[in-house]
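Asker: Curious how this folds, go ahead:
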Amino acid sequence: MAFEISLAGRTAVITGSNSGIGLGMAWEIARAGADVVLNSFSDRDEDHAIAEEIAKATGTNTRYIQADMSKGDQCRRLISDAGKCDILINNAGIQHVAPIPEFPVDKWDAIIAINMSSAFHTTAIALPMMREAGWGRIINVSSAHGLTASPFKAAYVAAKHGVVGLTKTTALETAQEPITANAICPGYVLTPIVEKQIPDTMREYNMTREEVIQNVMLKRQPSKEFATTEQLGGTAVFLCSDAAAQITGTTISVDGGWTAL
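Answerer: Model prediction:
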């Protein structure tokens, strides 16, 4: 049989999606026909304008709902306020770098809450909706650091490994239902946040832009190319398709070969 990917009639809730990876996924999911709920902790006119832009370009009912993913009750409220959640993409995340003895406790708590615990809270509310609808897709955005580690990123690495474990457990609990749970593990992705890091790194190492990209940022990425938000969005769309109905409880690396090393 031929597989055609249409997500018309589905609703996707994507956390942390007013920029970067989450926004790239939102665009591709909407282009496939799904209505989309964008999210972040802010509630600016610009956030709602992004949703309006996607809705106008794709003909979908795309909207924005503010919720702070560091707070469990707001994570759960996001899903309830969406009213429907056929596709849940847990993408919200933050980062902090420091040696373990110097790692600020508040940063540890925030990273664990936003990068990992939020996925538990949203999943807990979304699963009953998916069961009632008779179909569901859960996509957790982990990282290459969900499969391997780097120094000075204790909280991020711990959280992203935890996301992979949560994904596997969710998949086992839904294995005999038309619901799948998978984790996407990106390497370095060219997002606005990464772009902003480049000039500072150039000054720190006295390198050119290209030297920073190749010798610092992409040092562990064998392809020596950034992944794109569109590629990650396309991967998410595939995982929502009928062709991926038997893909569950696994990780899909979009890392240019990083975890093959």
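Asker: Could you use CA atoms for every contact and neighbour count after this?
Answerer: Fine.
Asker: and residue 90, how many neighbours does it have?
Answerer: 28 (other CA atoms under 10 Å).
Asker: Not counting sequence-adjacent ones, nearest residue to it?
Answerer: Sequence neighbours aside, residue 140 is the residue nearest to residue 90 in space, at 4.8 Å (criterion: CA to CA, 6 or more residues apart in numbering).
Asker: May I ask which helix or strand encompasses that neighbour?
Answerer: Secondary structure from DSSP states H and E places residue 140 in strand 136-141.
Asker: tell me what that strand is packed against?
Answerer: strand 87-90, helix 118-133, helix 154-173, strand 179-186, helix 229-239 (3 or more CA pairs under 8 Å, 6 or more residues apart in numbering; DSSP states H and E).
Asker: buried set for the worst-scoring helix or strand of the chain on mean pLDDT?
Answerer: When each helix and strand of the chain is scored by mean pLDDT, DSSP states H and E, helix 192-205 comes last, with a mean of 90. For helix 192-205, the buried set under the neighbour-count rule, 16 or more other CA atoms under 10 Å, comprises 198, 201-202.
Asker: CA-only coordinates of it in PDB, if you can.
Answerer: The C-alpha coordinates for helix 192-205 follow below in PDB (Å, rounded to 0.1, in the frame of the first residue of the first chain):
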ATOM      1  CA  PRO A 192      18.200  31.500  16.800                       C
ATOM      2  CA  ILE A 193      19.700  30.600  20.100                       C
ATOM      3  CA  VAL A 194      22.700  28.800  18.500                       C
ATOM      4  CA  GLU A 195      23.100  31.800  16.100                       C
ATOM      5  CA  LYS A 196      23.400  34.100  19.100                       C
ATOM      6  CA  GLN A 197      26.100  32.000  20.600                       C
ATOM      7  CA  ILE A 198      28.400  32.200  17.600                       C
ATOM      8  CA  PRO A 199      29.700  35.800  18.000                       C
ATOM      9  CA  ASP A 200      30.500  35.300  21.700                       C
ATOM     10  CA  THR A 201      32.300  32.000  20.900                       C
ATOM     11  CA  MET A 202      34.300  33.800  18.100                       C
ATOM     12  CA  ARG A 203      35.500  36.300  20.600                       C
ATOM     13  CA  GLU A 204      36.200  33.800  23.300                       C
ATOM     14  CA  TYR A 205      38.400  31.600  21.100                       C
END
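Asker: which residues sit against it?
Answerer: 19-20, 207-209, 212-213 (CA atoms under 8 Å, 6 or more residues apart in numbering).
Asker: now, which of the residues you listed sits nearest residue 69?
Answerer: Closest approach to residue 69 among the contacts of helix 192-205 (CA to CA): residue 19, at 15.1 Å.
Asker: on that earlier part again, any chance of the buried residues of helix 192-205 in a markdown table, with distance to residue 132 too?
Answerer: Listed next are these as a markdown table, based on distance: CA to CA, whole Å:
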| residue | distance to residue 132 |
| --- | --- |
| 198 | 46 |
| 201 | 49 |
| 202 | 52 |
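Asker: and of those, the nearest to residue 150?
Answerer: Among the buried residues of helix 192-205, and counting by CA to CA, the member closest to residue 150 is residue 201, at 17.9 Å.
Asker: quick one: the closest one and residue 50, what's the gap?
Answerer: 30 Å (CA to CA, to the nearest Å).
Asker: so residue 55 sits in a helix?
Answerer: Yes: under DSSP: H, G, I helix; E, B strand; the rest coil, residue 55 sits within a helix.
Asker: does it really touch residue 49, like I thought?
Answerer: No: assessed by CA atoms under 8 Å, residue 55 is found out of contact with residue 49, at 9.7 Å.
Asker: Can you tell me, leaving aside adjacent residues, what's nearest to residue 133?
Answerer: residue 86 (7.6 Å).
Asker: can you check residue 134 too?
Answerer: Nearest to residue 134 is residue 178, by CA to CA, 6+ apart, at 6.5 Å.
Asker: Now do the contacts for that neighbour.
Answerer: Counting by CA under 8 Å, 6+ apart, residue 178 has contacts 134-136, 245.
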